[in-house]
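> Test case, fold it:
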Amino acid sequence: MDKIIGIGEYVISNAPEDFIKTFALASCVAVTVYNPFLYLAGMIHISLPNPTDQEEAKRRPGYYATSGIPLLIHKLCRDYGSQRKDLQVKLFGGAVSLRKDDYFKIGPKNIKAARETLLGMDLKIMDAHIGGVISRTITMSVLSGEIEIAALPINF
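Now for the predicted structure:
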């Protein structure tokens, strides 16, 4: 069964028949986490690097790299019994805008925040498909942990 993730959401599944999918990652970043020993998969669709305040992080933790990634990892370990050392982490998205007035450069900032958050948790990124000027839709198999990427040019 397909489990669809929207912006600021995450999904965890240990049902081998499931696929976890998120659409149109442009400046947003998706982090996928897989434990091959438990057939356990998780994915989060992050919109921004960090919240403006702690109340915002509590209201929408999955929306931000600095609050959403720790939440996902914590749930995989606490609620599903995964060992942190068994987790395979991958990173997707973080495109840059083609617009000359893109002062905020959210894509690169999301990548940086995700990398720093994972490094701070002593988690290594096994693979990454990041940056550029493409929009990515990714689908993760819970059975194998494999990721399928569909990419389109960004038209903004």
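
> can we go C-alpha only for contacts and neighbour counts from here?
Noted.

> residue ranges with poor pLDDT in this protein?
Applying pLDDT under 70 to the chain flags residues 98-103, 155-156.

> What are the boundaries of the strands in it?
In the chain, the strands defined using DSSP state E lie at 2-5, 10-13, 19-25, 29-35, 40-46, 88-93, 125-130, 134-141, 147-153.

> strand partners of the fourth one, parallel vs antiparallel please.
Read it as strand 29-35. strand 40-46 (antiparallel), strand 88-93 (antiparallel) (DSSP bridges).

> could those be laid out in a markdown table, adding mean neighbour count and distance to Ile69?
Below are the strands paired with strand 29-35 laid out as a markdown table (neighbours: other C-alpha atoms under 10 Å; distance: least, C-alpha to C-alpha, whole Å):
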| stretch | mean neighbour count | distance to Ile69 |
| --- | --- | --- |
| strand 40-46 | 28 | 7 |
| strand 88-93 | 22 | 11 |
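
> Now those in a markdown table, please, with extra columns for distance to Pro16.
Below are these laid out as a markdown table (distance: least, C-alpha to C-alpha, whole Å):
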| stretch | distance to Pro16 |
| --- | --- |
| strand 40-46 | 8 |
| strand 88-93 | 17 |
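
> To Ile12, which of these lies closest?
The closest of the strands paired with strand 29-35 to Ile12 is strand 40-46. By C-alpha to C-alpha, the value is 4.2 Å.

> circling back: so which of the strands of the chain is nearest Lys109?
Among the strands of the chain, strand 29-35 sits nearest to Lys109 (C-alpha to C-alpha), with 9.9 Å.

> can you give me how far that closest one is from the chain middle?
Strand 29-35 sits 5 Å away from the centroid of its parent chain (C-alpha atoms, centre = their mean, to the nearest Å).

> can you check stretch 47-58 too?
Distance, stretch centre to chain centre, for stretch 47-58: 16 Å (C-alpha atoms, centre = their mean).

> neighbouring contacts of that stretch?
Residues outside stretch 47-58 that contact it (C-alpha atoms under 8 Å, 6 or more residues apart in numbering) are 7-8, 27-29, 63-67, 106, 109-114.

> of the strands of the chain, which approaches Ser82 most closely?
Smallest distance to Ser82 across those (C-alpha to C-alpha): 7.0 Å, for strand 29-35.

> who wins for proximity to Lys75 among the strands paired with strand 29-35?
Using C-alpha to C-alpha as the measure, strand 40-46 is the one of the strands paired with strand 29-35 that comes nearest Lys75, at 9.4 Å.
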